[in-house]
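K.L.:
attaching a predicted model along with its sequence, questions to come.
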Amino acid sequence: MRTLPVSTRPNKVVAEQFASPPPAEAGDRTFAAFLDSLPHVLQADAFVQVVDAVAAAVRARKAVVWMLGGHVVKTGLAPLLIDLMRRGAATHLASNGSAGIHDYEMARWGGTSEDVEAGLADGSFGMAEETGRDMNEAFVRGMREGWGMGEALARDLNERNDLAYPELSLLMQSFRLGVPYTLHPAVGAEIIHQHPAASGAAIGDTGHRDFRRLAAALPALDEGGVVINLGSAVVMPEVFLKALTVARNLNGGRPRGFVAADFDMQRHYRPRVNVVERPTRSGGGRGFHITGHHELMLPLLAWAIAERLGE
């Protein structure tokens, strides 16, 4: 047997990486102090690296692209994303169709998300008349006017004077702030496709236009941008992969050297492979995969980004 002095062995964890307890004085227990107290180990260290990457991207005027699933809206997190847009820490929103539906219903009527199982029993699930009719009519108008799906819904909302909560709508506020919001439908997977007003032509036309707009936004990630997938397990990781290859095809292999992060309450194959690993391994960036509930993780992330930007 051969042994060696412990002093010669490289250690993965050293004392300087340990967490700090809360300061004794109440006035010292700030959010900045909380951030600095985190252990520099594994996911805590990854979280801080993502926060610092977003702050650096804002200062360098690089893109910060947020990709969303429906639960992000359903868990009441839109105000945080609206604040990030105002701070320049969200330059493009892209979501699956369900996020757009929940956001539209919150803006119009102040409530969303139904009891699926109860409605499925008698076939009433997803059959809200106004939601299906008005959103599909907006897509038809969007096709006629040459708008993307997100823009079509934002313009529809923006022209109404009876909205319940326009200040909580990502569609509305991104439109007013000049931040693109692209919607990426999956035909047959969204309740509005059940409605008699649904037009496959309009859904395809406006949705495809938004795919092209997302691909056109990605070159701004080059060398310092950040893309974050928040709660989309399938649609957005697949859309992002295709949009990225279009962007690289048209721009000499760029964007490269960006940070990609996935935040979700479970670890899924597609976000890990299509957002975190493949794009960064093939382009020299960094990837992070952080697990946690949206209603806890996004407030932490948004507060931490605001704190870093305020330094």
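P.N.:
Nice, thanks for sending it over. Residues are numbered from 1 along each chain as shown.

K.L.:
and the helices in the stretch 1-150 of the chain?
P.N.:
All helices of the stretch 1-150 of the chain, identified by DSSP state H, counting those that start in this stretch, fall at 31-37, 42-59, 70-74, 78-86, 97-109, 116-122, 129-145, 149-158.

K.L.:
which stretches in the stretch 201-311 of the chain count as helices?
P.N.:
235-250, 269-270, 278-281, 294-309.

K.L.:
as JSON lines, the helices of the stretch 1-150 of the chain with mean pLDDT would be great.
P.N.:
Conversion of the helices of the stretch 1-150 of the chain to JSON lines gives the following (pLDDT from 0 to 100):
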{"stretch": "helix 31-37", "mean pLDDT": "96"}
{"stretch": "helix 42-59", "mean pLDDT": "97"}
{"stretch": "helix 70-74", "mean pLDDT": "96"}
{"stretch": "helix 78-86", "mean pLDDT": "98"}
{"stretch": "helix 97-109", "mean pLDDT": "98"}
{"stretch": "helix 116-122", "mean pLDDT": "94"}
{"stretch": "helix 129-145", "mean pLDDT": "98"}
{"stretch": "helix 149-158", "mean pLDDT": "98"}
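
K.L.:
would you turn the ones you listed into JSON lines with distance to D264?
P.N.:
In this view, the C-beta of every residue, glycine as well, is placed from N, C-alpha and C. Shown next, in JSON lines, are the helices of the stretch 1-150 of the chain (distance: least, C-beta to C-beta, whole Å):
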{"stretch": "helix 31-37", "distance to D264": "22"}
{"stretch": "helix 42-59", "distance to D264": "13"}
{"stretch": "helix 70-74", "distance to D264": "9"}
{"stretch": "helix 78-86", "distance to D264": "16"}
{"stretch": "helix 97-109", "distance to D264": "14"}
{"stretch": "helix 116-122", "distance to D264": "20"}
{"stretch": "helix 129-145", "distance to D264": "26"}
{"stretch": "helix 149-158", "distance to D264": "22"}
